[in-house]
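# Got a sequence here, can you build the structure:
(one chain, ligands or ions: 2)
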Amino acid sequence: MSMGQEVRYRVRGGRPLNGTAFIQGAKNAVLPMIGAALLAAKGRTVLRNVPIIEDVRRALELAEHVGARVEFHEAERTIVIDASQLGDPERAVLPAHIAARFRGSVLFVPALMHRMGQARIEGVGGCNLGSRNLDFHYRGFARLGAEVTEDDERNHIQVTSRNLRGGHLYLDTPSHTGTENLIMAAVLAPGTTVIEHAALEPEVIDVIEFLTRMGARIRGGGTGFITVEGVEELTAVEHTIMSDRIDAGVFAMMAAATGGEVSLVGANLEHLGVARWKLEQMGVEFAQQGAVLHVHRDPGTTLRPINAVTSPYPGFATDLQSPLMALATLAEGESYIHEAIYDGRFALADELTKMGAKIEVDGTRAIVHGPTALRGTEVVAHDLRTGAALVLAGLVADGETCVAPGYLVDRGHSQFASRLAALGAKITREERA
Ligand SMILES: CC(=O)N[C@H]1[C@@H](OP(=O)(O)OP(=O)(O)OC[C@H]2O[C@@H](n3ccc(=O)[nH]c3=O)[C@H](O)[C@@H]2O)O[C@H](CO)[C@@H](O)[C@@H]1O
Ligand SMILES: C=C(OP(=O)(O)O)C(=O)O
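Numbering: from 1, shown residues only. Ligands and ions are numbered 1, 2, ... in the order given. Sure thing, here's the model as predicted:
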C-alpha cells in the first residue's frame with residue numbers, strides 16, 4: 001500500500017462467526033527476527049510463517065535502507081534476507097520516514113552497532129499509546145560500552161559502539177523489546193552479559209531460539225534472568241515463526257462476541273496466559289486439540305462481566321485489553337479494566353461510546369456498563385488494537401460500522417477482512433486513492 005492511500009474497514013453486524021481461521025505468525029516475533037537476521041555476516045536467512053502486515057513491509061524497507069537484500073514471498077509467507085553486504089557506516093541510519101511508522105524499528109539498533117559500529121535513530125514509531133520510553137534500551141547499550149548521545153533539537157539519537165563487551169544489565173520493568181534488544185547487543189559482545197528482570201513473553205523465547213540456532217549462546221530464556229556468552233559470529237539460518245497470540249485472542253473474542261464456534265489453526269491456549277481464564281469466566285469455552293484451538297460461546301447464554309488488570313506475560317496482555325473492553329460492552333453487568341502498562345490506550349472508550357457503549361474512564365481505569373446494543377457508525381482507529389476492537393464491535397452492531405484509518409489495523413493483522421469473511425462475517429476492506 002502506498003502512503004497516499006486511505007484504507008477503511010466496513011463491517012455489518014449480526015452474523016455469528018463459524019468455521020476455521022488461520023492464525024498468523026507473530027508480529028512481535030518476526031520484527032526482532034528481521035533485526036537479528038542482520039547480525040549474520042554470511043549466508044541468507046529464511047523466515048517462514050511470516051504475517052503479511054504493514055509492520056513487516058516497513059521492517060523490510062528499513063533492512064534494505066541499511067544495505068541488506070530482502071525478498072518477501074507473500075504467497076509462501078516467507079522472507080529471505082541477505083545481510084552480507086552490511087557495513088557502510090554511512091548507511092547506519094534509521095530514517096524517520098520509515099522508522100517512525102512502527103515500533104519494531106528500534107530492534108535494528110544492535111545489528112547496526114555490530115555491523116557498522118554505529119547507529120543513528122531519527123525516529124521510532126509504534127502505536128500512539130501515551131508515553132513509551134526507550135531508556136532501558138539506551139542505558140543497557142551504554143553499560144555494554146556504547147556511547148549514546150542525544151540531539152534534542154532534531155530528536156535524533158546517536159549510538160557509537162567501537163568495542164562492545166559483556167556487562168551486567170537490568171531492566172526497571174521487564175520490557176519486551178528492551179529484553180530482545182539487550183540480548184542482541186550482547187550476543188556478539190566478547191565476555192558474559194547478565195540481564196536481570198528480563199521479559200518472559202513467548203515471542204522473546206522464540207527470538208532466543210532463533211538466535212541460538214544462529215550460534216548465539218543464551219541461557220535462562222523464560223526465567224527472567226538471562227545470561228549471554230558473546231560469540232565471534234552468527235550464521236544465517238531458517239526459522240518458522242511462532243503463531244501470534246494476540247491475533248488468536250482477537251479471533252477468540254470475536255467468536256465470543258458473536259456467539260460463534262471457531263477453530264483457530266496454530267493458536268496455543270497456554271500463550272493466552274491470564275486472558276484465557278478471564279475469557280472462560282465470561283462464558284467462553286476453549287478446547288485445545290493439538291495445534292488447533294477450538295473456541296465456542298453458546299449464543300443462548302449471556303456474557304458475564306469481568307475484572308482485568310494488564311501486566312507483562314503471563315498477565316493479561318495489554319494488546320488484548322482493547323478487544324476485551326469492546327467485548328465487555330456486551331456483558332451483563334459492570335466490568336472493571338485497569339490498564340497498567342500504557343497511559344494512553346483508552347481512546348477506544350470514546351469510539352465505543354459513539355456506538356452506544358457506556359464506559360466511565362478515570363485515568364488508566366475504566367468501568368464498562370453492559371450490556372449495550374451497539375449501533376454501527378464511523379469510528380476512528382487511534383491505534384492497531386483499537387482498530388481490531390472496533391471491528392469486533394462492528395461484528396455485533398446494528399447496521400454498518402466504518403473503521404478508519406485501516407492502515408493501523410493492517411500494521412498488525414494479516415488479511416483481516418478475508419479471514420473474517422471466511423468465518424461468515426460481512427466485512428470489506430476498501431482502499432481509496
Ligand atoms: C514490537 C513489540 O514487540 N511491541 C510490543 C512490546 O512493546 P514494547 O517492547 O515497546 O513494550 P515494553 O514492554 O518495552 O513497554 C512496557 C512499558 O515499559 C515502559 N518502558 C519501556 C522501555 C523503556 O526503556 N522504558 C520504559 O519506561 C513503556 O513506556 C511501557 O509503559 O511489548 C508491549 C507490552 O507487552 C506490547 O504492547 C507491544 O505490542
Ligand atoms: C502496541 C502494539 O504494537 P507496537 O509495539 O508495534 O506499537 C500492539 O501490537 O498492540
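
# Please report how far Arg219 lies from Thr193.
11 Å (Cβ to Cβ, to the nearest Å). From N, CA and C alone the C-beta is placed, and that goes for glycine too.

# Which neighbours do those two have in common?
Residues touching both Arg219 and Thr193 (Cβ atoms under 8 Å, 6 or more residues apart in numbering): Thr227, Val228.

# Those two - which one has more neighbours?
Thr193 (25 against 12; other Cβ atoms under 10 Å).

# Give me the pLDDT for that one.
Looking at Thr193, its pLDDT reads 98.

# Provide the contact partners of the strand or helix carrying Leu408 at residue level.
Following DSSP states H and E, one finds Leu408 within helix 406-410. If you take Cβ under 8 Å, 6+ apart as the criterion, helix 406-410 is touched by 1, 6-9, 53-54, 127, 381-384, 386-388, 391, 403, 416, 429-430.

# can we see that at 7 Å?
7-9, 53-54, 381, 383-384, 387-388, 391, 416, 429 (Cβ atoms under 7 Å, 6 or more residues apart in numbering).

# Look up the closest residue to Ala294, ignoring the ones flanking it.
Wrong residue type there; residue 294 is His, not Ala. The shortest distance from His294 to any non-neighbouring residue, by Cβ to Cβ, 6 or more residues apart in numbering, is to Ala287 (4.3 Å).

# I'd like to know how many residues surround the one you found.
For Ala287, using other Cβ under 10 Å, the count is 11.

# any idea how far ligand 2 is from it?
27 Å (Cβ to the nearest ligand atom, to the nearest Å).

# Tell me the first helix or strand C-terminal of the strand or helix carrying that residue.
In the assignment (DSSP H and E), Ala287 maps to strand 285-289. Using DSSP H and E, the helix or strand that follows strand 285-289 in sequence is strand 292-296.

# Would you mind extracting the C-alpha trace of the worst-scoring helix or strand of the chain on mean pLDDT into CSV?
For the chain, using mean pLDDT, DSSP states H and E, the weakest element among its helices and strands is strand 147-151, scoring a mean of 89. Only the C-alpha atoms of strand 147-151 are listed here, as CSV (Å, rounded to 0.1, in the frame of the first residue of the first chain):
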residue,chain,number,x,y,z
GLU,A,147,28.4,5.8,23.6
VAL,A,148,24.8,7.2,23.4
THR,A,149,24.3,10.9,22.6
GLU,A,150,21.0,12.8,22.1
ASP,A,151,20.4,15.6,19.7
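
# Same question for it: list its buried residues.
Within strand 147-151, the residues that count as buried by 16 or more other Cβ atoms under 10 Å are Val148.

# likewise stretch 349-365?
Here stretch 349-365 shows Ala349, Glu351, Leu352, Lys354, Met355, Gly356, Ala357, Ile359, Val361, Thr364 as buried, counting by 16+ other Cβ under 10 Å.

# what do you get for stretch 15-33?
Here stretch 15-33 shows 15-18, 21-33 as buried, counting by 16+ other Cβ under 10 Å.

# how close does Ala308 sit to ligand 1?
Applying Cβ to the nearest ligand atom to Ala308 and ligand 1 gives a distance of 15 Å.

# for the helix or strand containing that residue, packing partners?
According to DSSP H and E, Ala308 maps onto strand 307-309. In terms of contacts (3 or more Cβ pairs under 7 Å, 6 or more residues apart in numbering; DSSP states H and E), strand 307-309 is packed against strand 334-338.

# close to ligand 2, is the next helix or strand after the strand it packs on?
Following strand 334-338 in sequence order, the next helix or strand is helix 347-354 (DSSP H and E). No - residues of helix 347-354 are not located near ligand 2 by Cβ under 6 Å from any ligand atom, the shortest gap being 11.8 Å.

# And the strands in the stretch 51-200 of the chain?
69-73, 78-82, 93-94, 118-121, 147-151, 156-160, 168-170, 192-196 (DSSP state E, counting those that start in this stretch).

# JSON lines for the ones you listed, including distance to Val231?
Conversion of these to JSON lines gives the following (distance: least, Cβ to Cβ, whole Å):
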{"stretch": "strand 69-73", "distance to Val231": "24"}
{"stretch": "strand 78-82", "distance to Val231": "20"}
{"stretch": "strand 93-94", "distance to Val231": "25"}
{"stretch": "strand 118-121", "distance to Val231": "21"}
{"stretch": "strand 147-151", "distance to Val231": "23"}
{"stretch": "strand 156-160", "distance to Val231": "21"}
{"stretch": "strand 168-170", "distance to Val231": "18"}
{"stretch": "strand 192-196", "distance to Val231": "12"}
